[in-house]
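Trainee: Coordinates only, no sequence provided:
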């Protein structure tokens, strides 16, 4: 990344710091500037102290009043410096919390504006992970570095002003001697960031494997199969490769840094030697010679600190590109959503039509769905059936507006789905996916998240739980709806998979939606519980569009219309009775399941032939 882009990101970072807390930003700016002044006063007081001591020794005058005065002034400067540092530290710590809060909100809002294609795009996902991992700490680094930069700049300006009266050429040499270091650090930062970017996805993969290993639901299988050693080898292969690369790159960087820094040290020593010789030749006081040497040291230290800070800030700006890129995606999505049709509470969805719809996932050449033509109508319960990989889940993702088809149209009430405001459209929908979320929150919150406005409405939550049968086991728990779920967290309990499914279905039914999608929602339930839930939901939601995805045909006759998918195509469509009479794909699948239930031994015997 070039300086121009780094400055652009630095500008955005300053906007983040400013927006996080304006008062904290101003206070830190003021106290950071003030914190650079004590070094200037100390340099002057050091000269006065040495000259006073030399004068006393030479004149053998034991009047110590000047020494006491200088000592009191030194003490006052140190006390004031300590006060400034304490106040700065306090403001900085409070400010840190504001920054963390602001960035968390920015990231969550950006994520909320994204589409599925954004999250599943590898490049964007990497940027999202970088922003999530780096943004807060890098912004905090820039904040702390900004404090040090202001402090060192104040000291530097004061010291340069004092040294100008001695020799302007020395000041010029001191400043220009830092240029090689600036260029070297600039190249080093770019090189290291290039390496970071190149290996980020593999490092993310290693981190994911490590976190996968400690998840409670995964640990039992990993333990039984003794897979931890193999997973460890995957992680170590990535880490060892990175270590070898780091050694090779950083050896070169350190050698270059050593040579340039050594030249800089030699220049500094030559300048100090010149100050001493000139001071002796011009009969300067010991205090003045010492002060000038100290000023050169302070200038070099300040320049070195500023250079180091600038390099670190540049590095942090590089790593903050992720946050900046994510915000650009957010802005793009918000622009695309402007002027879209907003669905209000009184607006209803009467039908959803898929016309010649074909779809393939980003980066894939294979179509998951091909030439789909279906119309879903209000007041009808549909069931999507088919073998694994037939495209059932992908189809409902298109219906829900999570993906856009590459070919064909999806119409809602006769208008293309991409013409609608997504947020208002999603409010009309509710869903239970196969991989539903198990929130480490209370049961009340787990169900209440189906409609955030009802998260504290216990009556509505209990009603939804009763609808799915979840209330029966919730009522027996020690804290009932205030019981916190998930193992691995303090004072929490866990539920069976079937109980979790009932919680997830309760969450979906809490929202008074117009489109309800249940994707394999009862796979861990017995047929009787499944029948009760399906039948209750169908009765309760008679005016909506209900779409059920299931592999089990036990209670499939409850659906008004069954749609059979095979290899991404709609093979059959009709009622349970009609499809059995057609004696096609559905009839074959149904009869296989019935035979398995009635005579599993015969099925095994037939398959072994």
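Mentor: Right, received. Where do you want to start? Everything numeric in this text was worked out from a predicted model, so none of it was measured.
Trainee: Where do the domain boundaries of the chain fall?
Mentor: Listed by automatic domain parsing, the domain ranges of the chain are 3-327, 348-428+514-609, 434-512.
Trainee: can you list these in a markdown table and add mean neighbour count, distance to residue 333 and mean pLDDT?
Mentor: Every C-beta, even on glycine, is put in place using the N, C-alpha and C of the backbone. Formatted as a markdown table, the domains of the chain follow (neighbours: other CB atoms under 10 Å; distance: least, CB to CB, whole Å; pLDDT from 0 to 100):
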| stretch | mean neighbour count | distance to residue 333 | mean pLDDT |
| --- | --- | --- | --- |
| domain 3-327 | 16 | 4 | 76 |
| domain 348-428+514-609 | 17 | 9 | 80 |
| domain 434-512 | 18 | 21 | 84 |
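Trainee: Tell me which of the ones you listed sits nearest to residue 337.
Mentor: Among those, the nearest to residue 337 by CB to CB is domain 348-428+514-609 (6.1 Å).
Trainee: ok so, going back, could I get the domains of the chain as TSV with distance to residue 338?
Mentor: Output for the domains of the chain, formatted as TSV (distance: least, CB to CB, whole Å):
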stretch	distance to residue 338
domain 3-327	12
domain 348-428+514-609	9
domain 434-512	24
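Trainee: Ok, which of these comes nearest residue 335?
Mentor: Set against residue 335 and scored by CB to CB, these come closest in domain 3-327, at 10.2 Å.
Trainee: List the contacts of stretch 421-432.
Mentor: 337, 340-344, 347, 349, 396, 400-401, 412, 417, 450, 501, 504-505, 507-509, 511, 513-519, 521 (CB atoms under 8 Å, 6 or more residues apart in numbering).
Trainee: Sorry, slip of the keys, the one I care about is stretch 351-365.
Mentor: The set of residues external to stretch 351-365 that reach it, using CB under 8 Å, 6+ apart, is 117, 120-122, 366-378, 394, 398-399, 403, 405-414, 515, 545.
Trainee: Over to it now: how far is its first residue from its last?
Mentor: 31 Å (CA to CA, to the nearest Å).
Trainee: returning to what we had before: so of the contacts of stretch 421-432, which ones are in strands?
Mentor: Judged by DSSP state E, strands contain the following of the contacts of stretch 421-432: 412, 515, 516, 517, 518, 519.
Trainee: Which residues are in contact with the third one?
Mentor: With contact set as CB under 8 Å, 6+ apart, residue 516 has these partners: 429, 430, 431, 508, 509, 537, 541, 544, 545, 546, 547.
Trainee: partner residues bridging it?
Mentor: In this entry, residue 516 is beta-bridged to residue 430, residue 546, by DSSP bridges.
Trainee: how far away is it from residue 545?
Mentor: Separation of residue 516 from residue 545 (CB to CB, to the nearest Å) stands at 7 Å.
Trainee: Also residue 464?
Mentor: 19 Å.
Trainee: Next: residue 533.
Mentor: Taken as CB to CB, the spacing of residue 533 relative to residue 545 amounts to 18 Å.
Trainee: cool, residue 435 as well?
Mentor: For residue 435, the distance to residue 545 - CB to CB - is 23 Å.
Trainee: Tell me where the stretch 401-550 of the chain has helices.
Mentor: 422-426, 443-448, 458-468, 471-474, 497-510, 527-540 (DSSP state H, counting those that start in this stretch).
Trainee: what sits up against the second one?
Mentor: This points to helix 443-448. For helix 443-448, contacts defined as CB under 8 Å, 6+ apart pick out 438-439, 454-458, 461, 464-465, 470, 474, 477, 480-483, 485, 503, 506-507, 510.
Trainee: Please repeat the previous calculation with a cut-off of 7 Å.
Mentor: The contact list for helix 443-448, computed with CB atoms under 7 Å, 6 or more residues apart in numbering, reads 439, 454-455, 458, 461, 464-465, 474, 481-483, 485, 503, 506-507, 510.
Trainee: Ok, the shortest one next?
Mentor: Contacting residues not belonging to helix 471-474 are listed as 443, 462, 465, 480, 481, 499 [CB under 7 Å, 6+ apart].
Trainee: any idea which of the residues you listed is closest to residue 594?
Mentor: Distances from residue 594 to the contacts of helix 471-474, taken by CB to CB, are shortest for residue 499, at 28.3 Å.
Trainee: residues contacting the closest one?
Mentor: Per CB under 7 Å, 6+ apart, neighbours of residue 499: residue 473.
Trainee: how far away is it from residue 436?
Mentor: Distance from residue 499 to residue 436, by CB to CB: 13 Å.
Trainee: Residue 256 touches residue 184, doesn't it?
Mentor: Yes - counting by CB atoms under 7 Å, residue 256 does reach residue 184; the two are 6.0 Å apart.
Trainee: Could I get the full set of helices for the stretch 151-300 of the chain?
Mentor: Using DSSP H, counting those that start in this stretch, the helices assigned to the stretch 151-300 of the chain run over residues 168-176, 179-214, 216-225, 228-281, 286-319.
Trainee: Could you point out which of these sits nearest residue 47?
Mentor: That would be helix 286-319 among the helices of the stretch 151-300 of the chain, by CB to CB, at 3.7 Å.
Trainee: and the closest one, what does it pack onto?
Mentor: Applying 3 or more CB pairs under 7 Å, 6 or more residues apart in numbering; DSSP states H and E, we find helix 286-319 packed against helix 3-20, helix 37-59, helix 122-164, helix 168-176, helix 179-214, helix 228-281.
Trainee: can those helices go into TSV with extra columns for distance to residue 384?
Mentor: Formatted as TSV, these follow (distance: least, CB to CB, whole Å):
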stretch	distance to residue 384
helix 3-20	46
helix 37-59	73
helix 122-164	28
helix 168-176	72
helix 179-214	30
helix 228-281	36
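Trainee: Figure out which of those helices is closest to residue 96.
Mentor: That would be helix 122-164 among those, by CB to CB, at 5.8 Å.
Trainee: quick check: angle from the closest one to helix 179-214?
Mentor: Angle, helix 122-164 to helix 179-214, by axes from the mean of the first three to the mean of the last three CA atoms, to 10 degrees: 140 degrees.
Trainee: relative to helix 286-319, how tilted is helix 122-164?
Mentor: Going by the same axes, to 10 degrees, helix 122-164 makes 170 degrees with helix 286-319.
Trainee: Check which helices and strands helix 122-164 sits against.
Mentor: Using 3+ CB pairs under 7 Å, 6+ apart, the elements in contact with helix 122-164 are helix 3-20, helix 22-34, helix 37-59, helix 65-113, helix 168-176, helix 179-214, helix 286-319, helix 321-337.
Trainee: Residue 562: helix or strand, and which one exactly?
Mentor: Following DSSP states H and E, one finds residue 562 within strand 561-566.
Trainee: Contacts for the helix or strand following that strand next, please.
Mentor: Sequence order places strand 569-574 as the next helix or strand after strand 561-566, per DSSP H and E. Here strand 569-574 makes contact (CB under 7 Å, 6+ apart) with 370, 372, 374, 561-565, 579, 582, 584-586.
Trainee: JSON lines for those residues, including distance to residue 191?
Mentor: Formatted as JSON lines, the contacts of strand 569-574 follow (distance: CB to CB, whole Å):
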{"residue": "370", "distance to residue 191": "48"}
{"residue": "372", "distance to residue 191": "50"}
{"residue": "374", "distance to residue 191": "55"}
{"residue": "561", "distance to residue 191": "61"}
{"residue": "562", "distance to residue 191": "60"}
{"residue": "563", "distance to residue 191": "56"}
{"residue": "564", "distance to residue 191": "57"}
{"residue": "565", "distance to residue 191": "51"}
{"residue": "579", "distance to residue 191": "64"}
{"residue": "582", "distance to residue 191": "66"}
{"residue": "584", "distance to residue 191": "63"}
{"residue": "585", "distance to residue 191": "59"}
{"residue": "586", "distance to residue 191": "61"}
